[in-house]
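*Asks:* predicted model, plus sequence, below.
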Amino acid sequence: MNVSPESRMASVAGRRITDPRAFGRVAVVMGGHSAEREVSLDSGRNVLAALKRRGVDAHGIDGIPALLDALRAGHFARVFNILHGRGGEDGVLQGALQSLGVPFTGSGVLGSALSMDKVRTKQVWQALGLPTPRYARHRVGSDLGGAIAALGLPVVVKPAHEGSSVGISRVRSSADLPAAVELAARYDGELLIEELIEGEEYTVGILRGEALPSIRIVPAGEFYDYHAKYVAEDTQYLCPGLDAAGEERIRALALAAFRAAGCSGWGRVDLMRDRRGECFLLEVNTTPGMTSHSLVPKAAAAVGIDFDELCWRILETSFEREPGIGNGTSAGPAASGSAGAAAPRLAGSPPRMRR
């Protein structure tokens, strides 16, 4: 009996992969030029090592230009995207890969672009009745008085189009506003002025349509900033973060928020829980960190999924975008995935100069 390519593709997308050869040759793209380059390189090295330990023919690539050159030359069958921030999480890379017919991990163009825009993500959540802190948009150089008058203090000031820990300040007095705006304005785009929810900080990882146990984040300092997330060794992570009833509610909310933003595959939803026990959605991260400090691996470990298995399952999400027949090849120019092809530039090597 003949089976259509569509049926074979669906059968692979709907089941677990057991043979590493099914993935073909995999590019693990990392680094890039965003504000989170160093974290991305750290994440990428960890992912690359994990996939290799599981027998996947995986290779590291630094940045989008080198990746696209390698794909057009037919060196890879699919992409594990671990680029953080601009370029890798905002729909730019996703659009390029989709146009080339190359399957990739994580969210597509819509989910990536929407979730990188904190303001528009909040607008979608509000339209659906999902709880998120009150906010105001701010363009650098314009008067902040109206926003502060409407929201009141304290507030959080952050770039509207950067990662979850980049350029963020908590402002409790008017005297602190200029420095907070100056920090956030170092990054492109408008700023988000958001009501500060006093309470506990949580995150919920999402993996293949299911919410992982929540993590309550307890930083040693005032809040979970870039240093507390990626450098400090004294941040506490409590997983699961809530009792059974609380876990059910926060996981359901996180999953609803993830889907509302058009996200898929895997990711992370950040929330605050106020002193009354009410949860408020902050943002979605479509390519979370995979470092020793990162949160999705901690949540996965709590349900018995070790780091290598987590990377394998994330790579499996690329079959959801497989344009071929689900056998590790694609219909685009990356179809060959030939082991004998010339090696592309690996992560950590000097970038190519382009005119």
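*Replies:* Received it, and whenever you're ready, just let me know what you need.
*Asks:* strands of the stretch 251-355 of the chain, start to end?
*Replies:* 266-274, 279-285 (DSSP state E, counting those that start in this stretch).
*Asks:* how about a markdown table for the ones you listed, with mean neighbour count, mean pLDDT and distance to H138 added?
*Replies:* Yep, even glycine has a C-beta here, placed from its N, CA and C like the rest. Shown next, in a markdown table, are the strands of the stretch 251-355 of the chain (neighbours: other CB atoms under 10 Å; pLDDT from 0 to 100; distance: least, CB to CB, whole Å):
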| stretch | mean neighbour count | mean pLDDT | distance to H138 |
| --- | --- | --- | --- |
| strand 266-274 | 23 | 97 | 20 |
| strand 279-285 | 24 | 97 | 17 |
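*Asks:* could I get these as CSV with distance to G32?
*Replies:* Conversion of the strands of the stretch 251-355 of the chain to CSV gives the following (distance: least, CB to CB, whole Å):
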stretch, distance to G32
strand 266-274, 18
strand 279-285, 16
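*Asks:* which one of those strands lies closest to V156?
*Replies:* Nearest to V156 among the strands of the stretch 251-355 of the chain is strand 279-285; the distance by CB to CB comes to 8.8 Å.
*Asks:* that closest one: partners in the sheet, and parallel or antiparallel?
*Replies:* Next to strand 279-285 in the sheet, as set by DSSP bridges, lie strand 266-274 (antiparallel).
*Asks:* can you give me how far the partner strand is from the chain middle?
*Replies:* Remark: strand 266-274 is offset 12 Å from the chain centroid, using CA atoms, centre = their mean, to the nearest Å.
*Asks:* looking at the strands of the stretch 251-355 of the chain, which is nearest to A179?
*Replies:* strand 279-285 (21.7 Å).
*Asks:* and the spatially closest residue to H138 that is not a sequence neighbour, bridged to which residues?
*Replies:* Closest residue to H138 apart from its sequence neighbours, by CB to CB, 6 or more residues apart in numbering: L191 at 4.3 Å. Beta bridges link L191 to H138, P159 when assigned by DSSP bridges.
*Asks:* go on, the one 4 residues further on?
*Replies:* For E195, the beta-bridge assignment (DSSP bridges) gives partners V155.
*Asks:* so what's it scoring on pLDDT?
*Replies:* We have a pLDDT of 96 for E195.
*Asks:* ok, A220 next?
*Replies:* pLDDT recorded at A220 is 73.
*Asks:* how much space separates it from R172?
*Replies:* 19 Å (CB to CB, to the nearest Å).
*Asks:* again with I82
*Replies:* From I82 across to R172, the span is 36 Å (CB to CB).
*Asks:* these two: which has the busier surroundings?
*Replies:* Neighbours were counted for I82 and for R172 using other CB atoms under 10 Å; I82 has more, 31 against 11.
*Asks:* surely that one is in contact with L41?
*Replies:* No - I82 is beyond contact range of L41, at 9.1 Å (criterion: CB atoms under 8 Å).
*Asks:* which neighbours do those two share?
*Replies:* M30 (CB atoms under 8 Å, 6 or more residues apart in numbering).
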